[in-house]
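Colleague: Task: produce atomic coordinates for the following.
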Amino acid sequence: MTTVEISLDSKTNVFFPNSEISGKIYVNTTEAGSIRKVNVTIIGRAYVFFLVSHYQESRPYESEHYYLNENECLWKLNETNQFLNGEYWFPFKFIIPSNAPANVSEEFCEIQYFIKADIEFYGKKFGGYKKYYGFSVCPIIDLNLDPKLKLTASTEITQVEEKCFSCAKNPLNVKVSLF
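Modeller: Residues are numbered from 1 along each chain as shown. Okay, here's the model as predicted:
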């Protein structure tokens, strides 16, 4: 039996474009003699799918684009490199491209990022074991680029609601200030 886990070195699973993502693949196995290769892949994928109706028929339209699709072999069987039963940690490191957009999950499209650990075995029908681990990419927003965002803002507003459930006997006054 083989157990595979993916862990990231970061305390959060949110990364910026042009930043480094690093972590480890943990493998615990009692099938060491049949392990052929340990791979890690980082994937950033955009996928769009929708149907267009035209004269009582629907035609599917879909597209897939990869912002990131890098594979690294962490371990490979050879004459001098033997994999024994037990626990192993394989470190990995990737750079998120500067043009990587933020995660999106909508009705017709999605942008997802994930890391895939892939253990290849000899003699197995499907050839291996795969484990996925998702993370997020958050764009860098430079507030100094828009001059309106550099200006200080201050506002005050007071409003009394008369016919709301909680305000029947004790009106609620709210004061909001933005600085």
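Colleague: List the buried residues for stretch 60-75?
Modeller: By 16 or more other CB atoms under 10 Å, the buried positions in stretch 60-75 come out as Tyr67, Leu68, Leu74, Trp75. In short, each C-beta sits where N, CA and C put it, glycine included.
Colleague: That should have said stretch 49-59, apologies.
Modeller: Buried residues in stretch 49-59 (16+ other CB under 10 Å): none.
Colleague: do stretch 22-38 as well
Modeller: Buried residues in stretch 22-38 (16+ other CB under 10 Å): Gly23, Lys24, Ile25, Tyr26, Val27, Thr29, Glu31, Ile35, Arg36, Lys37, Val38.
Colleague: Could you dump those residues into TSV and include secondary structure and distance to Ser105?
Modeller: Formatted as TSV, these follow (DSSP: H, G, I helix; E, B strand; the rest coil; distance: CB to CB, whole Å):
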residue	secondary structure	distance to Ser105
Gly23	strand	23
Lys24	strand	27
Ile25	strand	26
Tyr26	strand	28
Val27	strand	31
Thr29	strand	34
Glu31	coil	36
Ile35	strand	35
Arg36	strand	35
Lys37	strand	32
Val38	strand	30
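Colleague: Tell me the one of these nearest Ser10?
Modeller: Comparing these against Ser10 with CB to CB places Gly23 closest, at 7.9 Å.
Colleague: quick revisit: go through the buried residues of stretch 22-38 and say which is closest to Glu106.
Modeller: Glu106 lies nearest to Gly23 out of those, by CB to CB, at 28.2 Å.
Colleague: Report the spatially closest residue to that closest one, excluding sequence-adjacent ones.
Modeller: Computed as CB to CB, 6 or more residues apart in numbering, the closest residue to Gly23 that is not its neighbour in sequence is Leu8, at 4.0 Å.
Colleague: count of neighbours near that neighbour?
Modeller: Look at Leu8: counted by other CB atoms under 10 Å, it has 16 neighbours.
Colleague: Who are the contact partners of it?
Modeller: Taking CB atoms under 8 Å, 6 or more residues apart in numbering, we find Leu8 in contact with Ile21, Ser22, Gly23, Ile115, Tyr133, Phe135.
Colleague: how much space between it and Phe50?
Modeller: Between Leu8 and Phe50 the computed distance is 33 Å (CB to CB, to the nearest Å).
Colleague: cool, Ser10 as well?
Modeller: Counting by CB to CB - Ser10 and Phe50 are separated by 35 Å.
Colleague: what do you get for Val27?
Modeller: 40 Å.
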